[in-house]
Each structure stands twice: as structure tokens, then as C-alpha cells.
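> Model the following, please.
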Amino acid sequence: KVGAELTNLNHSSLYLPTGIMKPSLVKWLDASNGCTGATGPCPRATGTAQMVLRGPLHHFPFADHSGLMDIRGQLHGLTLNYLPLWPQLQHLDVDCQFTQEGFRITSTHGDNGSIPIESIEAVLPHYAAPATLQIKALTTADLSQGIYFIQHSPLKTPLAALATSISKGPFNLKLNLNIP
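Just a heads-up that it's a prediction; the model follows:
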């Protein structure tokens, strides 16, 4: 069992088993940290992590169940650029767990610049194909905050009529995505 203080998550791939990951995933992880295209100082997330690794290393990642990999972390102040042209997720406080089979990431604090995040969860039950990423999110805000989000995203043009016809009032969003 090993524990670590994580003081610079701007290069998240430094903390991950990149040898068993697809290069495109490693590239996305490093680009998603909030620093890509930054004009000022990069946001600096910090955290702690604990890792248990048990079993014959030549069998890693233990698809044969001959060992155990369990990495748990708590991250604070995380910024996530999940896709180009979309508002960043900011100020995230995250609990995460990565095992040899999959991962779970949860947060009950953060925002996307205009809308507070009440809760968000990303789960990949199994790394092996067919892998499906499950994302759930919940927020309550004023519709003007939702309009701001639309106007600063790729939804600006397709939802222009909606954005100009409704401008205020409370809204609740319960998001459930399954991404193959």
C-alpha cells in the first residue's frame, strides 16, 4: 500500500499506468486539465491518493483475477476541459477509485462557469470492450445560467430560438448519458 500527495495534476498522465492505456486517452487526459490554451496561470489542482497493488506484476492489469489494483484519490480544485468549445468544469472536488476492472469518479462540488454542480458521477464498470461510460449529473439553477451555458457552447446555433424565447426561472437538470 502506497500513499501520495498530488501537488501538480496538470500532467495527470504522470500518475497513471499509461503503458496499458490507449495513446488517445493519455493525450485527452493531459489536454483536459484546464491548461490547454490558458492565457494566464494554469489552475492547480491538488489531492491525495492511496494505491494497493498486490499480485504477480507480469499478470497486470490482473484480468485473470490473480491480483488486485485499487487506487483511490481525493482531488481538490480540479478543472476539466472535457471537450473543445464547451465550458470547462471548474472548482471540482473529486473522489475517485480506479480498479483493475473499471473506475468511479464522483463530485458534489463545482461549476461550469455559470451553473453550479450539485452532483456528477462518471462510471466505467469495465475497461474491456464493449465498454460504456455512464455519466450522471444533477443541478438546479436559474434558466439565465443555462442560457449562458448554451451561448458559450456548440449548442449556441441549434438552440438559438430557445435561448432567446426563455430567459428566466428555475430549472432542474438530471442528466443520464451512456457513451459507448
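
> residues contacting the nearest residue in space to Phe62 that is not next to it in sequence?
Nearest residue to Phe62, sequence neighbours excluded (CB to CB, 6 or more residues apart in numbering): Gln100, at 4.4 Å. (Each C-beta comes from the backbone N, C-alpha and C, glycine too.) With contacts defined as CB atoms under 8 Å, 6 or more residues apart in numbering, the neighbours of Gln100 are Phe60, Pro61, Phe62, Ala63, Gly67, Leu68, Met69.

> Among the residues you listed, name the ones in strands.
Leu68, Met69 (DSSP state E).

> Give me the ChimeraX select line for the contacts of Gln100, limited to the buried ones.
Selection of buried members from the contacts of Gln100 for ChimeraX, criterion 16 or more other CB atoms under 10 Å:
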select :60,62,67,69
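
> Can I get the contacts of Gln100 in JSON lines including pLDDT and distance to Leu133?
Formatted as JSON lines, the contacts of Gln100 follow (pLDDT from 0 to 100; distance: CB to CB, whole Å):
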{"residue": "Phe60", "pLDDT": "79", "distance to Leu133": "22"}
{"residue": "Pro61", "pLDDT": "77", "distance to Leu133": "18"}
{"residue": "Phe62", "pLDDT": "84", "distance to Leu133": "21"}
{"residue": "Ala63", "pLDDT": "80", "distance to Leu133": "19"}
{"residue": "Gly67", "pLDDT": "94", "distance to Leu133": "25"}
{"residue": "Leu68", "pLDDT": "93", "distance to Leu133": "23"}
{"residue": "Met69", "pLDDT": "90", "distance to Leu133": "19"}
